[in-house]
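Q: structure of the sequence below:
(one chain, ligands or ions: 1)
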Amino acid sequence: MTVSTVIKTDGLTKRFPRVTALDRLTVEVEPGVVGLVGANGAGKSTLIKILLGLSPATEGTGQVLGLDIATQGPAIRERVGYMPEHDCLPPDVSATEFVVHMARMSGLPAAAARERTADTLRHVGLYEERYRPMGGYSTGMKQRVKLAQALVHDPQLVLLDEPTNGLDPVGRDEMLGLIRRIHSDFGISVLVTTHLLGELERTCDHLVVIDGGKLLRSSSTASFTGSTQLLAVEVTDHPSDRTFDADAVLTERLAAAGLTVRADGSRILLVEITGDETYDTVRDTVDDLGLGLIRLEQRRHRVAEIFSTRSDEDEHGEHGGPGHGQEHGAAAYQAAAAGGEQA
Ligand SMILES: Nc1ncnc2c1ncn2[C@@H]1O[C@H](COP(=O)(O)OP(=O)(O)OP(=O)(O)O)[C@@H](O)[C@H]1O
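A: Model prediction:
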């Protein structure tokens, strides 16, 4: 384990009577904003509870900030903030009262707790409403309070369980912005779970993907979203001939020029790049046909694609066995990814 590793697990396993929630999970997480991705039931919340020292692992070991999860739970919880997934706020107290209480629980003296609470609530975007009972808050306001209580004791690491749950697209973007700033402004590392892949592409430096409690992949977001050898091409309709099928004719002409072309839904054609001359061939062919170019760019991988690959494996029966009988996997991810894209 390097000095900078914030989370490390080795063969971490959690078995419940009917299900294996974590299955020999070995992973290392460096400082930064790290996404923990998995469909519902993949084992994300279970992992968080084990990392906090709140639930014992059946097998395997782990350290958080160099502290042992089996024996140093209280020391971990002093240094780590936790935002739970579900609504857990008492309706009849105000955000200020609640966050001051949580700060005191973390060991801050009264005056420091009040000061840190005011700063933290302001940071998450709660102002006058922080004196009102939380029962009347919107989902977005409640999520902000949950985030504030995770930050109030100035932790080195925060574990955020589905912080965008229940938020509309604007609220989701604001929450993602806040999450990035937790790291960029305060140097606090973040582990954030979600089942919406689109969100993580924009927010995280690194992604840990789990499925059925097993590690599917752990690597930088950039490596997930690196360039493909495909050129995305989009053209205008013909300026004068309404019956001219621009995409079909262009596909035909590019194929005749020796290029491999396929359609990508709506109006985008994907052309395999065989060399620098592919760009020139596409540009010249579009020009010859009297069309305009709307888009000519090298395609990047989407995080969702790794789950399409997984889906093929599922169909070929490579993803079964004990602990995998749950309703999750590629189909759920794809639905979730699609939801994320709409945001
Ligand atoms: N206390 C428990 N007793 C029995 N089974 C459990 C318990 N907690 C979790 N599980 C099971 O373990 C698996 C992983 O659950 P977990 O809550 O960690 O998933 P998750 O990825 O966080 O999904 P979600 O986002 O839906 O919470 C699920 O099949 C769940 O039903």
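Q: look up how far E129 lies from L36.
A: Taking C-beta to C-beta, to the nearest Å as the measure, L36 and E129 are separated by 31 Å. No exception for glycine: its C-beta is placed from N, CA and C like everyone else's.
Q: surely Q149 meets M102?
A: Yes: if you go by C-beta atoms under 8 Å, Q149 and M102 touch, sitting 4.2 Å apart.
Q: quick one: which of these two has more around it?
A: Here Q149 and M102 are compared on neighbour count by other C-beta atoms under 10 Å; more neighbours surround Q149, at 28 against 21.
Q: next up, the contacts around the more buried one.
A: Under the criterion of C-beta atoms under 8 Å, 6 or more residues apart in numbering, the contact list for Q149 reads 81, 83, 98-99, 102.
Q: what do you get if the cut-off is 6 Å, keeping everything else the same?
A: Contact partners of Q149, counting by C-beta atoms under 6 Å, 6 or more residues apart in numbering, are 99, 102.
Q: could you do V80 as well?
A: V80 sits next to 155, 157 when contact means C-beta under 6 Å, 6+ apart.
Q: one more time with 10 Å
A: 6-7, 48, 51-53, 64-65, 67, 150, 153, 155-159, 188-189, 191 (C-beta atoms under 10 Å, 6 or more residues apart in numbering).
Q: looking at the residues you listed, which are in strands?
A: Among the contacts of V80, DSSP state E puts 7, 64, 67, 157-159, 189, 191 in strands.
Q: closest one of those residues to the ligand?
A: Each of the ones in strands among the contacts of V80 was scored against the ligand by C-beta to the nearest ligand atom, and L159 proved nearest at 11.7 Å.
Q: verify the stated contact: the closest one with M83.
A: Yes: the pair L159 and M83 passes the contact test of C-beta atoms under 10 Å, sitting 7.1 Å apart.
Q: so where's the stretch 201-343 of the chain uncertain?
A: Residue ranges of the stretch 201-343 of the chain with pLDDT under 70: 302-343.
Q: identify the contacts common to L159 and M83.
A: By C-beta under 10 Å, 6+ apart, L159 and M83 have these common neighbours: 48, 150, 190, 192-193.
Q: export those to a markdown table and tack on neighbour count?
A: Below are these laid out as a markdown table (neighbours: other C-beta atoms under 10 Å):
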| residue | neighbour count |
| --- | --- |
| I48 | 22 |
| A150 | 26 |
| V190 | 25 |
| V192 | 26 |
| T193 | 25 |
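Q: and which of those residues is nearest the ligand?
A: The shortest gap between the ligand and any of the shared contacts of L159 and M83 belongs to T193, at 6.7 Å (C-beta to the nearest ligand atom).
Q: which residues touch the closest one?
A: 34-38, 42, 44-45, 47-48, 83, 85, 159-163, 165, 200, 208, 210.
Q: so which of those sit within strands?
A: Counted as lying in strands by DSSP E, out of the contacts of T193, are 34-37, 83, 159-161, 208, 210.
Q: quick check: the farthest pair among those?
A: M83 and I210 (18.9 Å; C-beta to C-beta).
Q: need the pLDDT of the residue minimising distance to the centre of the chain.
A: Nearest to the centroid of the C-alpha atoms of the chain, with distances taken as C-alpha atoms, centre = their mean, sits L200, at 3.1 Å. In the predicted model, L200 carries a pLDDT score of 78.
Q: could you shift the numbering so residue one becomes 11, and keep it that way?
A: Right, with 11 as the first residue, what we last looked at is L210.
Q: now it. Nearest residue, chain neighbours left out?
A: Using C-beta to C-beta, 6 or more residues apart in numbering and skipping residues adjacent in sequence, the residue nearest L210 is G45, 3.7 Å away.
Q: pretty sure the one you found contacts L207?
A: Yes: G45 is in contact with L207 according to C-beta under 10 Å; the separation is 8.6 Å.
Q: would you format the ones in strands among the contacts of T203 as a markdown table with distance to the ligand and neighbour count included?
A: Formatted as a markdown table, the entries for those read as follows, by distance: C-beta to the nearest ligand atom, whole Å; neighbours: other C-beta atoms under 10 Å:
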| residue | distance to the ligand | neighbour count |
| --- | --- | --- |
| V44 | 15 | 28 |
| G45 | 13 | 26 |
| L46 | 9 | 27 |
| V47 | 10 | 30 |
| M93 | 13 | 24 |
| L169 | 12 | 26 |
| L170 | 12 | 27 |
| D171 | 7 | 22 |
| V218 | 12 | 24 |
| I220 | 8 | 24 |
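Q: which helix in this protein runs the most residues?
A: helix 179-196 (DSSP state H).
Q: elements contacting it?
A: Counting contacts by 3 or more C-beta pairs under 10 Å, 6 or more residues apart in numbering; DSSP states H and E, the secondary-structure elements packed against helix 179-196 are strand 43-47, helix 120-133, helix 149-161, strand 167-171, strand 199-204, helix 207-213.
Q: mind giving me CSV with those and columns for distance to A258?
A: Converted to CSV, these look like this (distance: least, C-beta to C-beta, whole Å):
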stretch, distance to A258
strand 43-47, 38
helix 120-133, 54
helix 149-161, 46
strand 167-171, 47
strand 199-204, 39
helix 207-213, 31
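Q: ranking these by mean pLDDT, which is last?
A: Lowest mean pLDDT within the helices and strands packed on helix 179-196: helix 207-213, at a mean of 77.
Q: what's the spacing between that helix and its chain's center?
A: Remark: helix 207-213 is offset 5 Å from the chain centroid, using C-alpha atoms, centre = their mean, to the nearest Å.
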